[in-house]
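Participant: Model the structure of this input:
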Amino acid sequence: MDWQQLKQYLELGYDFFGRIYVGASSGQQGVAIHPVMRLSTSLALKTMYATDKNRLVVLLPSRLDCAKWLATLCTFQVMKEDYQDSSGVTKFSPGQRLLVNRCVVEFLGEEFSSEYNRWYMWVRCGDSARYRIALDRALAFQPVSTSRPLSSLEAVAKAVNSADRLDNAVDGILRIRTMGNKALFKANTILVSRIGETERFIRGNQINGSSIIDLFLWGKLDVEGNVAIVGPQQIQGNPCCIISADLFGVWNYIHDNPQKSKGIILDGSGSYINSLQVLDGILDERIPVVAVCDLLDTEHLQHLADRGFRVWQWNRKNIVQSGAITETYKVSPFSCLNDSISNYCNQKINVVPCHHPQLNTVVEAALKLSKLISHDEQLNIPHSRLIQLVNNFSRLMRIPEQSWSEHLQQKLQSLRQQFNSHQQWLSDKAVQCIGTIFAGLADLAERPFASDNHKVDRLYNLINETPESNRIAVLVAGTEETELSRQYWETRLSEEKLRNIRFVTLPDLVSSDRSFTPNQVIICG
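Facilitator: Sure, this is the predicted structure:
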């Protein structure tokens, strides 16, 4: 199956995608669903409605808000299926008399207007006058058997136009007729993500001019599996999409509400990695699960692979084939996603070797020590702290001051005491590695960059060789280093260079903050 055939297969049956336009505010022109998001949703829906193989990982360069979009879009299909299966949807027959807001009319039929994206009902009034009623108002239609004559056209029009308008974008998107009744639906999807972030997402983004929170009922779970409505509390009903901060609430909910949830969306590895036993219990119930992950989650993907999850990775080839990077999203909710996949597809990696023989010796000894003491659980914590010290030094992007050296020596002394207390149980090779590591780090604390042409000088040359218009992010080890590195480089670089440079941590780099979007990232270590 070639790419076009696969794309057609994935989108078969989901025609509502083409009727959705997304914006971040009411004054913003809506844009179509991003191709990567559209096809990811199709993959998720195929998985959710599969008879078997209903476990999937969607692996993106950066997941951003993709899990939230996926849950929102999947919920539309769940609502559509739920509506079609519902026996409580009222149907009228041509010639049947109806009472609409105290007016008597004769039902003729219904039609959907693509031009206005809404349903209409044709009725006959007095004197055989035909009238088209837009089904976007709070109207009550009740079949009646009465000898009363049909109401006049003027009376019907007045009754219809005096009724309140409904926020009823869902009917236009799904081609269904709920007339704004959000309590009509029973089935749902569950999103395991941060509740506060998701609430801001559904309030801050719009579909077809309506805030996502107003399109259908949203709920949130506590750890006991109890549901609370998100939004206006006077609206009662079963939420179509439920947010849970963890899998414990999900497990308790599905235990008390079997058959309601059609699928569970996991937002990154953080949503499951600390509750794998609970995930196993959920999977035993055969509820479809779709995990939305990115390249920072890959170290945990084996847990999902061991549980039968298939992985769909958005790589350079299929991103290009999908036509995603040809799209232009200047200001839209998909701007960050578009930038992410464009950078991923267009990135170039330049390696600038920075030799540090003494640090190499320390690193090699630390790696060897990891194998030699892997059986000793009591050394896990001090060994992790030792590795962290090595990593922090390897990522250092400045010439440190004297206080830094003193602080490092204090940490080394404390760790050395912890290792010495276990020395009698260690092998000679492990003791030798420990000696090499601490001697090397102590020397590095005294003379961090003893040789010429070290990495700080190489970084200076690299920055000065780039155009001043380049926005550069320099990755540092921790939050404290961002300001300390900034202070150091203020003494070495011109104001023009500094204006387009940020010293950032990894969480800063992968966040969706749009205040600074680098086109070059410098990483050391």
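Participant: Can you name every helix or strand that the helix or strand harbouring residue 407 contacts?
Facilitator: Using DSSP states H and E, residue 407 maps to helix 402-420. Here helix 402-420 is seen to pack against helix 380-394, helix 428-446 when contacts are counted using 3 or more CB pairs under 8 Å, 6 or more residues apart in numbering; DSSP states H and E. (Glycine included, C-beta is placed from N, CA and C.)
Participant: Quick check: buried residues in that helix?
Facilitator: 404, 405, 408, 411, 412, 415, 416, 419 (16 or more other CB atoms under 10 Å).
Participant: quick check, nearest of these to residue 196?
Facilitator: Nearest to residue 196 among these: residue 411, at 35.5 Å, using CB to CB.
Participant: need the contact list for that closest one.
Facilitator: By CB atoms under 8 Å, 6 or more residues apart in numbering, residue 411 lies in contact with 385, 389.
Participant: again, only using 10 Å
Facilitator: Counting by CB atoms under 10 Å, 6 or more residues apart in numbering, residue 411 touches 385, 386, 388, 389, 392, 441, 445.
Participant: I'd like the buried residues of helix 402-420 laid out as CSV, including distance to residue 200 and pLDDT.
Facilitator: CSV is the format used below for the buried residues of helix 402-420 (distance: CB to CB, whole Å; pLDDT from 0 to 100):
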residue, distance to residue 200, pLDDT
404, 39, 86
405, 44, 86
408, 40, 86
411, 39, 87
412, 44, 87
415, 42, 87
416, 47, 87
419, 47, 84
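Participant: picking up where we left off before, report the buried members of the contacts of residue 411.
Facilitator: Of those, these count as buried by 16+ other CB under 10 Å: 386, 389, 392, 441, 445.
Participant: any chance of the helices and strands packed on helix 402-420 in a markdown table, with distance to residue 471 and mean pLDDT too?
Facilitator: Shown next, in a markdown table, are the helices and strands packed on helix 402-420 (distance: least, CB to CB, whole Å; pLDDT from 0 to 100):
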| stretch | distance to residue 471 | mean pLDDT |
| --- | --- | --- |
| helix 380-394 | 25 | 84 |
| helix 428-446 | 32 | 88 |
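Participant: Please identify which of the ones you listed is closest to residue 497.
Facilitator: Comparison of these against residue 497 by CB to CB identifies helix 380-394 as nearest, at 24.3 Å.
Participant: Averaged pLDDT, stretch 355-370. What do you get?
Facilitator: For stretch 355-370, mean pLDDT is 85.
Participant: repeat for stretch 463-476
Facilitator: 83.
Participant: Turn the helices and strands packed on helix 402-420 into JSON lines, columns for distance to residue 31.
Facilitator: Shown next, in JSON lines, are the helices and strands packed on helix 402-420 (distance: least, CB to CB, whole Å):
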{"stretch": "helix 380-394", "distance to residue 31": "41"}
{"stretch": "helix 428-446", "distance to residue 31": "52"}
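Participant: if we can go back for a sec, how far off helix 428-446 does the helix holding residue 407 point, in degrees?
Facilitator: Interaxial angle of helix 402-420 relative to helix 428-446 (axes from the mean of the first three to the mean of the last three CA atoms, to 10 degrees): 170 degrees.
Participant: For the residue nearest to residue 440 when sequence neighbours are not counted, give me its contacts.
Facilitator: Excluding the flanking residues, the one nearest residue 440 by CB to CB, 6 or more residues apart in numbering is residue 362, at 4.0 Å. When contacts are counted by CB under 10 Å, 6+ apart, residue 362 touches 356, 386, 389-390, 393-394, 433, 436-441, 443-444.
Participant: Next, find the distance separating the closest residue to residue 437 other than its chain neighbours from residue 130.
Facilitator: Using CB to CB, 6+ apart and skipping residues adjacent in sequence, the residue nearest residue 437 is residue 365, 4.9 Å away. For residue 365, the distance to residue 130 (CB to CB, to the nearest Å) stands at 89 Å.
Participant: Settle it for me: which of those two has more neighbours?
Facilitator: residue 365 (20 against 11; other CB atoms under 10 Å).
Participant: and that one, what is it in contact with?
Facilitator: 390, 432, 433, 434, 435, 436, 437, 438, 439, 440.
Participant: buried ones in the helix or strand that it is a member of?
Facilitator: If you go by DSSP H and E, residue 365 is part of helix 357-372. For helix 357-372, the neighbour count (16+ other CB under 10 Å) marks 358, 359, 362, 363, 365, 366, 368, 369, 372 as buried.
Participant: Redo these as a markdown table? Include distance to residue 425.
Facilitator: Shown next, in a markdown table, are those (distance: CB to CB, whole Å):
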| residue | distance to residue 425 |
| --- | --- |
| 358 | 29 |
| 359 | 29 |
| 362 | 23 |
| 363 | 25 |
| 365 | 19 |
| 366 | 19 |
| 368 | 18 |
| 369 | 14 |
| 372 | 12 |
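Participant: Which parts of the stretch 151-300 of the chain are strands?
Facilitator: Ranges of strands in the stretch 151-300 of the chain, per DSSP state E, counting those that start in this stretch, are 188-192, 206-207, 210-211, 218-221, 227-230, 241-244, 261-267, 289-294.
Participant: Return the list of strands paired to the third one, each annotated with direction.
Facilitator: Using DSSP bridges, the strands paired with strand 210-211 are strand 206-207 (antiparallel).
Participant: how distant is the partner strand from the center of its chain?
Facilitator: 17 Å (CA atoms, centre = their mean, to the nearest Å).
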